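Engineer: Quick check, what structure comes out for this input:
(2 chains)
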Amino acid sequence: MDAHASVGHAELEILYNVHPRPDTGVYNAKLGIWLFLASEVMLFGALFSSLILLRTGADTWPRGFDMLNVPLATFNTFILIVSSVTVVMAWSQLRLGNLKWGRIYISATILCALIFLVNKGFEYGHEFREHNFPKTNNFFAIYFTMTGLHGLHILGGVIVFLYFLGPGAKMWSHDPERYTNRIEVVGLYWHFVDLVWIFLFPVLYLM
Amino acid sequence: MTDPAAAVEPGVDVHEHAGIGDPNAHHHTPEQIRSEMRVYITVFIGLAVLTAVTVGACYGLKLPVHTAIIVALIIASIKGFLVAGFFMHLLSEKKVIYGVLILTVIFFIFLMSLPISHHLSPFGS
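Structural biologist: Below you'll find the model as predicted:
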């Protein structure tokens, strides 16, 4: 009976969950997140393409810095860069076997993300008070669509980080390498979100 | 369950170390990891400086639109390279990841070319 149960458990175990697959050289979750990020490139790419089409097709198009709060957006850019460093430092600390500092850096990443979202809330609030809504014109339509979608990605990242800071951290006690890999995977997602903002910021605010 | 690392095909080294930042090398020494952390801090400083340069050039100097677009996109591309290359470890990734990204880039270029084709089209407005 025990032997049967043991065999059954082994059969259900997900292969290459921690160690790299021999044929790809990477563990499955990493390949999975890169495939997901590829789809995300196309999602944001479609919006960037729409922006180019709207801007080049318009008779006049406002300069972003005349319409939006550049200092606040610059501060948010800096915050996202800091968060990218903290998440990669969290991964490094976990690879060193240091859960305490890994969690401190994950907490710092969450804090940066929340600061970003609060600033975005202030920015949106200001635009709404100025009666600038997505329906106002094409500039604000694409601005709210792109920054709103990006903000949702930030929120998604916060939820995942909170999981790994809280209940998900139990994985460390029985499989620290797998937990470390999970932080690497969510870190890749987070760097992508940062990467999108690196292009969104100048395209919407500075041109 | 057998150790997947033990079932490696001949010629495939899943634990090979392709240099600083190789994310698939599972057995980095603590000194190698600390060395990578110093690289991350350097990249962070580079990103912060480039952000300041972008804002200073485009917002501070109020560059003309065409110049601002060129300057901002060049700096953004450098920043993107730093994030993707060092933080996402694309400088030392596996071929399968490069394959996925090359395919993505091809489709992305096609997507970006759509607005251009619209303006080149005789049916465009």
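
Engineer: who touches the residue nearest to A:T24 when sequence neighbours are not counted in this structure?
Structural biologist: Spatial nearest neighbour of A:T24, chain neighbours left out: B:V96 (4.4 Å); criterion: C-beta to C-beta, 6 or more residues apart in numbering or on different chains. (Glycine included, C-beta is placed from N, CA and C.) For B:V96, the contact set (C-beta atoms under 8 Å, 6 or more residues apart in numbering or on different chains) comprises A:24-26, A:31.

Engineer: could you redo these as JSON lines and give each row neighbour count, secondary structure and pLDDT?
Structural biologist: Below are the contacts of B:V96 laid out as JSON lines (neighbours: other C-beta atoms under 10 Å in any protein chain shown; DSSP: H, G, I helix; E, B strand; the rest coil; pLDDT from 0 to 100):
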{"residue": "A:T24", "neighbour count": "19", "secondary structure": "coil", "pLDDT": "91"}
{"residue": "A:G25", "neighbour count": "21", "secondary structure": "coil", "pLDDT": "92"}
{"residue": "A:V26", "neighbour count": "23", "secondary structure": "coil", "pLDDT": "94"}
{"residue": "A:L31", "neighbour count": "19", "secondary structure": "helix", "pLDDT": "96"}
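
Engineer: Determine which two of these are furthest apart.
Structural biologist: Maximum pairwise distance in the contacts of B:V96, criterion C-beta to C-beta, is 9.4 Å, between A:G25 and A:L31.

Engineer: Quick check: the gap between the residue nearest the centre of chain B and A:I104.
Structural biologist: In chain B, the centroid-proximal residue (C-alpha atoms, centre = their mean) is B:A84; its distance is 2.3 Å. From B:A84 across to A:I104, the span is 26 Å (C-beta to C-beta, to the nearest Å).

Engineer: And A:D59, by the same measure?
Structural biologist: In terms of C-beta to C-beta, A:D59 sits 52 Å off from A:I104.

Engineer: Those two: who's more crowded?
Structural biologist: A:I104 (15 against 4; other C-beta atoms under 10 Å in any protein chain shown).

Engineer: Give the other helices and strands that the helix or strand where that one lies contacts.
Structural biologist: According to DSSP states H and E, A:I104 maps onto helix A:99-129. Contact here means 3 or more C-beta pairs under 8 Å, 6 or more residues apart in numbering or on different chains; DSSP states H and E; on that basis helix A:99-129 packs against helix A:70-95, helix A:138-165, helix A:176-201.

Engineer: Over to B:H28. Which of the three states is it?
Structural biologist: coil (DSSP: H, G, I helix; E, B strand; the rest coil).

Engineer: pLDDT weak spots in chain A?
Structural biologist: Applying pLDDT under 70 to chain A flags residues A:1-11.

Engineer: and the helices and strands packed on helix A:99-129 as a markdown table, adding mean neighbour count and distance to A:C112?
Structural biologist: Shown next, in a markdown table, are those (neighbours: other C-beta atoms under 10 Å in any protein chain shown; distance: least, C-beta to C-beta, whole Å):
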| stretch | mean neighbour count | distance to A:C112 |
| --- | --- | --- |
| helix A:70-95 | 23 | 4 |
| helix A:138-165 | 17 | 10 |
| helix A:176-201 | 22 | 10 |
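
Engineer: what about those helices, which gets the closest to B:G46?
Structural biologist: Judging those by C-beta to C-beta, what sits closest to B:G46 is helix A:70-95, at 9.7 Å.

Engineer: what's the closest non-adjacent residue to B:I75?
Structural biologist: Nearest to B:I75 is B:T54, by C-beta to C-beta, 6+ apart, at 4.7 Å.

Engineer: now swap in A:A73 and tell me
Structural biologist: A:A73's closest residue in space is A:Y205 (C-beta to C-beta, 6+ apart), at 4.9 Å.

Engineer: Name the residues of whichever helix or strand B:T42 is part of that are buried.
Structural biologist: For B:T42, the enclosing helix or strand under DSSP H and E is helix B:30-55. Of all the residues in helix B:30-55, those buried under the rule 16 or more other C-beta atoms under 10 Å in any protein chain shown are B:32-33, B:36-37, B:40, B:43-44, B:47-48, B:50-51, B:53-55.

Engineer: and the next helix or strand along the chain from it, what does it pack onto?
Structural biologist: Going down the chain from helix B:30-55, the next helix or strand is helix B:65-82, by DSSP H and E. If contacts are counted by 3+ C-beta pairs under 8 Å, 6+ apart, helix B:65-82 sits against helix A:176-201, helix B:30-55.

Engineer: All set now, cheers.
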